[in-house]
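Participant: What follows is a protein structure lacking sequence information:
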């Protein structure tokens, strides 16, 4: 609805990319989360047999709740600003947004929610081959996270070994939600072994939020509860597993970028997880990686691993009306070091880069440069 309503509040509208603040156009900008959606016929043409002969439509994915029955706008805003399925289409959008370098993620089709592992692995290989043969040659500005079958670490490791040497793949795409086991679990070590050989960043992206069998969300009834809150809870759970189950002790150089899981919970999380770790660390000695290394405790405080190994894409950022509070929250969450700009194009909730340069009292010049590109360039060795 476009008119003012709901006790004086005006309904939100899809953000448009124009006008981009002129200052941004003169700065280095890296978009760490841009959704790329090749058409099904293109992906099918890259499938290997026997899948090409047996798969006629895009595979069924995990069940998702959406607000469409009670929503005046059609759909859920996943592709509110369109779709991009070619390198040329990507470049056109980058220029509209004043983005210099982009890191592509899979699009609105929720690929990781394909429950048939061989089908998912075949789909991932087809997607990656299309990127290598038709998208990357268009421009060195285009980078991407490779697709892998995260449900099967051995299949994921095989795909990383197959295409990980391509310099325009800068990371590996995975999703976090209650649909998936936490990527911090030791069962995923074959995937991390393969990533270590190529110095790739792990992207942990929110996805498959609406899992009705999950006790966390079984009683939820609305899109606001599920889309607004589920990613935050899931991000916390998956990040805790990475830290507490010793992933960063075994893989001290492994970098992780969380996307679309919220931001402002981070300061409380670091304080809380340190406190609980100091109070009751005993059962860490029983974790798989601890047993393997003959180790009883972590080598550092949990928060130290986050500060050294984990970063966070900015979309969707919620900016308090009180700008003083905004400054406090940025400082408490170590934003100058940990945040990496993302648009999340083409979702309805996407963020153009204007907000970074339009709050100079809270985000000074050095921090603007860090958020727009500096932190991403430190994170990704292949940028």
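Facilitator: Happy to help now that I have it. Keep in mind that what you see is a predicted model, and the values were worked out from it rather than measured.

Participant: can you give me the strands for the stretch 251-383 of the chain?
Facilitator: With DSSP state E, counting those that start in this stretch, the ranges of strands along the stretch 251-383 of the chain come out as 256-259, 310-313, 339-340.

Participant: roughly how far is the shortest one from the heart of the chain?
Facilitator: For strand 339-340, the distance between its averaged C-alpha position and the chain's averaged C-alpha position is 12 Å (CA atoms, centre = their mean, to the nearest Å).

Participant: In its sheet, which strands sit next to that strand, and in what direction?
Facilitator: Strand 339-340 pairs in its sheet with strand 310-313 (parallel), by DSSP bridges.

Participant: buried residues in the strand it pairs with?
Facilitator: 310-313 (16 or more other CB atoms under 10 Å). (C-beta placed from N, C-alpha, C; glycine too.)

Participant: Now pLDDT too, for the residues you listed, in CSV please.
Facilitator: Formatted as CSV, these follow (pLDDT from 0 to 100):
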residue, pLDDT
310, 98
311, 98
312, 98
313, 97
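
Participant: Can you give me the neighbour number for residue 79?
Facilitator: Neighbours of residue 79 under the rule other CB atoms under 10 Å: 17.

Participant: and the gap between it and residue 37?
Facilitator: 7 Å (CB to CB, to the nearest Å).

Participant: same deal with residue 352?
Facilitator: On the measure of CB to CB, residue 352 and residue 37 end up 20 Å apart.

Participant: Please apply the same query to residue 147.
Facilitator: Applying CB to CB to residue 147 and residue 37 gives a distance of 12 Å.

Participant: on that earlier part again, which among the strands of the stretch 251-383 of the chain is found nearest to residue 118?
Facilitator: Nearest to residue 118 among the strands of the stretch 251-383 of the chain is strand 256-259; the distance by CB to CB comes to 26.8 Å.

Participant: Quick check: can you name the pairing partners of that closest one and their directions?
Facilitator: By DSSP bridges, strand 256-259 pairs with strand 201-206 (parallel), strand 310-313 (parallel).

Participant: Which helix runs longest in this structure?
Facilitator: helix 223-244 (DSSP state H).

Participant: The next helix or strand after that one - contacts with which helices or strands?
Facilitator: Sequence-wise, the next helix or strand downstream of helix 223-244 (DSSP states H and E) is helix 247-250. When contacts are defined as 3 or more CB pairs under 8 Å, 6 or more residues apart in numbering; DSSP states H and E, helix 247-250 packs onto helix 189-196, helix 288-293, helix 302-309.

Participant: Recalculate using a threshold of 10 Å.
Facilitator: Helix 247-250 sits against helix 189-196, helix 223-244, helix 288-293, helix 302-309, with contacts defined as 3 or more CB pairs under 10 Å, 6 or more residues apart in numbering; DSSP states H and E.

Participant: I'd like the ones you listed as CSV, with distance to residue 257, mean pLDDT and mean neighbour count appended.
Facilitator: Below are the helices and strands packed on helix 247-250 laid out as CSV (distance: least, CB to CB, whole Å; pLDDT from 0 to 100; neighbours: other CB atoms under 10 Å):
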stretch, distance to residue 257, mean pLDDT, mean neighbour count
helix 189-196, 13, 96, 19
helix 223-244, 11, 86, 20
helix 288-293, 22, 96, 15
helix 302-309, 10, 98, 19
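
Participant: Out of those helices, flag the one nearest residue 342.
Facilitator: Nearest to residue 342, of these and by CB to CB, is helix 223-244 at 13.8 Å.

Participant: what is the orientation angle of that closest one with helix 302-309?
Facilitator: 100 degrees (axes from the mean of the first three to the mean of the last three CA atoms, to 10 degrees).

Participant: mind checking how far helix 223-244 is from the chain centre?
Facilitator: For helix 223-244, the distance to the chain centre is 12 Å (CA atoms, centre = their mean).

Participant: now for it, which elements pack on it?
Facilitator: strand 169-176, strand 201-206, helix 247-250, strand 256-259, helix 266-279, helix 302-309, strand 310-313.

Participant: got JSON lines for these, with distance to residue 363 too?
Facilitator: Output for the helices and strands packed on helix 223-244, formatted as JSON lines (distance: least, CB to CB, whole Å):
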{"stretch": "strand 169-176", "distance to residue 363": "25"}
{"stretch": "strand 201-206", "distance to residue 363": "24"}
{"stretch": "helix 247-250", "distance to residue 363": "29"}
{"stretch": "strand 256-259", "distance to residue 363": "20"}
{"stretch": "helix 266-279", "distance to residue 363": "17"}
{"stretch": "helix 302-309", "distance to residue 363": "20"}
{"stretch": "strand 310-313", "distance to residue 363": "15"}
